[in-house]
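**Q** kindly return the folded structure for what I paste below:
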Amino acid sequence: MATGHLTSSQLEALYARTIKVRRPKTQIDQAQPSPVKPPLPQSNPGGYTEAEKATARLPKESKLALDPKNPPNIYGMVTGMRSDRTADLLKTEGYEECVETTGLTICEKTSKNLEETVSVVKVGKVIYGISRNVSFKTAAPRSAVLTKLAEAYPNLTRFKKMATSTSKSCLERYTGDANSLLATAEANPSDPETLLTLTENCRNFYAIELEGSRNLKSMSIVLYDGYPIQLAEEKQTGIFQTKSEAADELKF
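**A** As a prediction, the model looks like this:
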């Protein structure tokens, strides 16, 4: 008999059909932090694998070069520097005997354990070459001298055989015999042809040479740049100045 009302069994059946089933959350449903990648090993700072190294074009190491803001110097003198009173400067460093001629200053000093000579060659009043030669009267440990050189010449001492030049032929010719580079200029400092021949043979050269294995007998430092000579020749100044007296006397 219909009453217009649901029975208890009918209500239970209707509820079972409409209720949402709730399932427990799993680990997949829960938010997880992104995995942290392990750092690259220190031996591989560029991040390349061994396979990548075999095929990739890796950046080349920067080439050694002298610091233009801190070039090699001898008692503060550098190539390209104008020096009006070279002998006076060297006397403040203890050099007593100095001889000056056109284009050349040579000073010497002697101490208990050392004999030293500094030669400075100039075109006009501009330095293009400086050499310092030291003889050790008492044996000097090579390691101790190298330590001092590394402090005074941090870039130059890093080069192979402590020598560098922009000219490969010049580097090969004068490494191990640096003093011979400026020898002709020191013998003829006011001869234009001698200076021009020097620049043709070698554009620039910087070197430190040591004689002796464990204990040193001598040390040489040579700094040279031919640019001041080339500039003087181009501008026709100093010993390159054109003189016309002889040509004016010539009659045709």
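**Q** what is the subsequent helix or strand relative to the lowest-mean-pLDDT helix or strand in the chain?
**A** One helix or strand of the chain scores below all others by mean pLDDT, DSSP states H and E: helix 50-55, with a mean of 42. The C-terminal neighbour of helix 50-55 among helices and strands, as given by DSSP states H and E, is helix 86-91.
**Q** that following helix - contacts with which helices or strands?
**A** Judged by 3 or more C-beta pairs under 8 Å, 6 or more residues apart in numbering; DSSP states H and E, helix 86-91 is in contact with strand 97-101, strand 104-110, strand 114-123. Any C-beta I mention is one placed from the backbone N, CA and C, and that applies to glycine too.
**Q** pull out the buried positions in the first one.
**A** The reference is to strand 97-101. Using 16 or more other C-beta atoms under 10 Å as the test for burial, strand 97-101 gives C98.
**Q** ok now that strand, how far from the chain's centre?
**A** When C-alpha coordinates are averaged (C-alpha atoms, centre = their mean, to the nearest Å), strand 97-101 and its chain have centres 33 Å apart.
**Q** any idea of the angle it forms with strand 104-110?
**A** Counting by axes from the mean of the first three to the mean of the last three C-alpha atoms, to 10 degrees, strand 97-101 points 170 degrees away from the direction of strand 104-110.
**Q** report the angle between the axes of strand 97-101 and strand 114-123?
**A** Using the same axes, to 10 degrees: strand 97-101 against strand 114-123 is 20 degrees.
**Q** just checking: what are the partner strands of strand 97-101?
**A** Strand pairing for strand 97-101, determined by DSSP bridges: strand 104-110 (antiparallel).
**Q** extract the C-alpha trace of the strand it pairs with and format it as PDB.
**A** Written as PDB, here are the backbone C-alpha positions of strand 104-110 (Å, rounded to 0.1, in the frame of the first residue of the first chain):
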ATOM      1  CA  LEU A 104     124.400  54.900 -23.600                       C
ATOM      2  CA  THR A 105     124.800  54.900 -19.800                       C
ATOM      3  CA  ILE A 106     126.900  52.200 -18.000                       C
ATOM      4  CA  CYS A 107     127.100  52.100 -14.300                       C
ATOM      5  CA  GLU A 108     128.900  49.700 -12.000                       C
ATOM      6  CA  LYS A 109     129.000  48.800  -8.300                       C
ATOM      7  CA  THR A 110     130.800  46.300  -6.100                       C
END
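**Q** contacting residues around it?
**A** When contacts are defined by C-beta atoms under 8 Å, 6 or more residues apart in numbering, strand 104-110 is touched by residues 86-87, 90-91, 93-100, 115-122, 186, 189.
**Q** that older thread, which stretch among the helices and strands packed on helix 86-91 is buried most, on average?
**A** Across those, averaging neighbours per residue (mean count of other C-beta atoms under 10 Å) puts strand 114-123 on top, at a mean of 21.
**Q** list the buried residues in the helix or strand that that one is followed by.
**A** The first helix or strand that comes after strand 114-123 along the chain, using DSSP H and E, is strand 126-141. Buried residues in strand 126-141, counted by 16+ other C-beta under 10 Å: 126-134, 136, 140.
**Q** okay, who's weakest in those by pLDDT?
**A** Among those, A140 carries the lowest pLDDT, at 93.
**Q** report the secondary structure state of the nearest residue to that residue once chain neighbours are set aside.
**A** What sits nearest to A140 in space, not counting adjacent residues and going by C-beta to C-beta, 6 or more residues apart in numbering, is L216, at 4.7 Å. Under DSSP: H, G, I helix; E, B strand; the rest coil, L216 falls in the strand class.
**Q** so L216 touches K137, yeah?
**A** No: the criterion here is C-beta atoms under 8 Å, and L216 misses it with K137 at 11.4 Å.
**Q** any idea which helix or strand carries C170?
**A** helix 168-174.
**Q** mind giving me the packing neighbours of the very next helix or strand once past that helix?
**A** The helix or strand immediately downstream of helix 168-174 is helix 179-187, counting by DSSP H and E. When contacts are defined as 3+ C-beta pairs under 8 Å, 6+ apart, helix 179-187 packs onto strand 114-123, strand 126-141, helix 192-201, strand 215-225.
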